[in-house]
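Colleague: How does the following fold in three dimensions:
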Amino acid sequence: MYCFGDFELNEEARGLRLAGREIEAQPLVFDFLAILLRHQSRALSKEELLETLWPGVTVTEASLQRVASLARSILRQGGMETALRNLPRFGYRMCLDPPAVSERTPVLPDPSTAHSSASLQILAAARAAASARKWYEAAALFAEADTADELVTADLEEWALALECMGRPAEAIPPLTRAVRAYSIARQGSRAAAPAITLARIHLERGELAVAKGWHQRAAALIGTATDSREHGLWCWMGSRIKAADAEPEQALAFAEQACVVGKHLEDPVVESLGLVYRGFFKLCLGDTQSGLEDQDAAAALGLSSDVDPVVGGILYCNVLWACRNIGDWSRANQWTLGYENWCRGHGLEDLSGSCRLHRAEVLGVHGTLKEAEALVRTALDQLALDAPWAMGDALRVLGDIHLAAGDLTEAEAAYRGAHAVGWDPQPGLALLQLEQGQAEAAFSALERSLIGSAWPTLQRRGLILATLAKVAARTDRLERAKQVIAELETQPQRWPMASIRALTSEAKAELFIREGRLAEAIGELQVAYSRWNEIGSAVNAADARLSLAALLIQLGDRTGAELELGTVLTVARKVDSSRLMRRYETLKALLGGTNREAPA
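Modeller: Okay, the predicted model is just below:
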């Protein structure tokens, strides 16, 4: 029988209990803990553990890392995950020195009273609900147990996690603050640093940068010289986010790289995946597209194959999806969005976060289900007001794009203006609206202004903005500027590999060729454009390219070709319920019916 903290492990009976309640552990995880406890006076090498846990079977170190991750997750329930030490390039050890054992020292009430017994049962039920990812139930039970003063410090962190998983991060602030204070009083600086970093993240996502910086600095003081620790890795990751908020992408990348190095050194999947995903994010900002995408996909895969908590998993997916949307990688965005939704449901997150709803709404808008996309983004706006108000501007931009695609120009303008009012650049959607409204000069000026700045949304959306700028430059007879921008896009294919940007570039080239009277070449570029849009499933954008193609075919006297294109557009316009597509269709159909005026662009 091994007793450590509030845990009891009975090796003979193969039972594991926490504060008197049974804890479910997979057989290999139980054996892993038992072996380390049996030999707690020394470190065990990876080779010894592999041979003991899988005798006569050849397995990789990844299997051992998985078992260790699950064991640490169990220990975390009792506030003892730091007792399991990973010794880089060697193995593992269970360190049960006095500070580790005393990390959770609850002052238990007299169990002889009925009131105390009932309170302890409530607390046990709260812990069980958290372990089962029943977040609503866990949060309610932790709150009830707290009124009887039953919670120990680790329970405060579990309570905060449950509240975050419910989409109520603001309510997680008080228990996290109490956790920092309790650990600090107990002189457990590293333990106190973790909730301090979580507080920095919550305040940053609420747009409270000064408060986030304060908690980040507090975490640094708590960590001290322990730079080879999990907490330091998390602190570096949080530093990358703060530097990004300060529009310093190079420094943000450096912090993310540090987090990645620490996580890899410690073989900690949480720290490594967070470092990787943000390293990729800022590489994308700075133009290293291929490497950035590889980092982000690797981070998401690492998170999927490890026992990360729902908040960390959400951060990984959210980051990947946000980058997909910003660089116009709609095919990849759709794949990760569906994966994220399934992952959320598998981890007890029945209500998707505001960010997740926003990601899905923009993907739906691009793929043409406009009414569903509008409903989802409006729900996202309500949720973002609670968990990430800084992103409301982006949500309004997406709403504007959806209204523009549907043809509700007044609503689109109101949404774009709303995004601008809260400090979010609504381009390139606003410029496309201005083109629809006959304000090409205003669209050109606005796009040129959007290219100025070093904030991460501007840097990541640069490809989309450049391609739209080339189109508008040609439309306003700034042919040299259009050629300059097209050259920038086409001479850096490794930076702009996304089908959406290539499609927009082809549309810009078609616009340029039309102005130069090279109509046959313009037709070829429009065919490339709608093929690219079809490739990623963007029915509305493909229909727009087909309408431009039909206009050229009418101008060249190719009635059969024009009718074919218009027939396809009509099907799409009815399916997505876009009055804008329908108006353009009817104009060209009337022209095809015998009007002699020149076809509109």
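Colleague: switch to C-alpha atoms for all contacts and neighbour counts from now on
Modeller: OK.
Colleague: For the spatially most central residue of the chain, give me its contacts.
Modeller: In the chain, the centroid-proximal residue (C-alpha atoms, centre = their mean) is Cys318; its distance is 1.2 Å. Neighbour list for Cys318: Ser355, Cys356 [criterion: C-alpha atoms under 8 Å, 6 or more residues apart in numbering].
Colleague: any chance you could map the strands in this protein?
Modeller: Using DSSP state E, the strands of the chain run over 2-4, 7-10, 15-18, 21-22, 44-45, 84-87, 91-94.
Colleague: which helices and strands does the fourth one pack with?
Modeller: If you count contacts as 3 or more C-alpha pairs under 8 Å, 6 or more residues apart in numbering; DSSP states H and E, strand 21-22 packs onto no helix or strand.
Colleague: average model confidence for it?
Modeller: The average pLDDT for strand 21-22 rounds to 82.
Colleague: Now do that strand: everything it contacts.
Modeller: For strand 21-22, the surrounding residues in contact (C-alpha under 8 Å, 6+ apart) are Gly15, Leu16, Ala124.
Colleague: Apply the buried test to those and list what passes.
Modeller: Among the contacts of strand 21-22, those classed as buried by 16 or more other C-alpha atoms under 10 Å are Leu16, Ala124.
Colleague: Is it possible to get TSV of the contacts of strand 21-22 that adds pLDDT?
Modeller: Formatted as TSV, the contacts of strand 21-22 follow (pLDDT from 0 to 100):
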residue	pLDDT
Gly15	89
Leu16	90
Ala124	86
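Colleague: Which of the helices and strands in the chain ranks last by mean pLDDT?
Modeller: Scoring the helices and strands of the chain by mean pLDDT, DSSP states H and E places helix 98-101 at the bottom, with a mean of 37.
Colleague: still on that earlier bit, between the strands of the chain, which one is nearest to Ile523?
Modeller: Smallest distance to Ile523 across those (C-alpha to C-alpha): 61.7 Å, for strand 84-87.
Colleague: Give me the contact list for that closest one.
Modeller: With contact meaning C-alpha under 8 Å, 6+ apart, strand 84-87 is reached by Arg72, Tyr92, Arg93, Met94, Cys95, Leu266, Glu267.
Colleague: ditto for stretch 441-450
Modeller: Residues contacting stretch 441-450 (C-alpha under 8 Å, 6+ apart): 425, 427-428, 430-432, 434-435, 458, 465-466, 468-469, 472-473, 476.
Colleague: Who wins on neighbours among the residues you listed?
Modeller: Counting neighbours by other C-alpha atoms under 10 Å, the top entry in the contacts of stretch 441-450 is Leu469, with 30 neighbours.
Colleague: can you pull the contacts of that one?
Modeller: Phe444, Leu447, Glu448, Ala482, Val485.
Colleague: Restricted to helices, list the residues you listed.
Modeller: Judged by DSSP state H, helices contain the following of the contacts of Leu469: Phe444, Leu447, Glu448, Ala482, Val485.
Colleague: Looking at the residues you listed, spot the one nearest Ala138.
Modeller: Nearest to Ala138, judged by C-alpha to C-alpha, of the ones in helices among the contacts of Leu469 is Leu447 at 49.0 Å.
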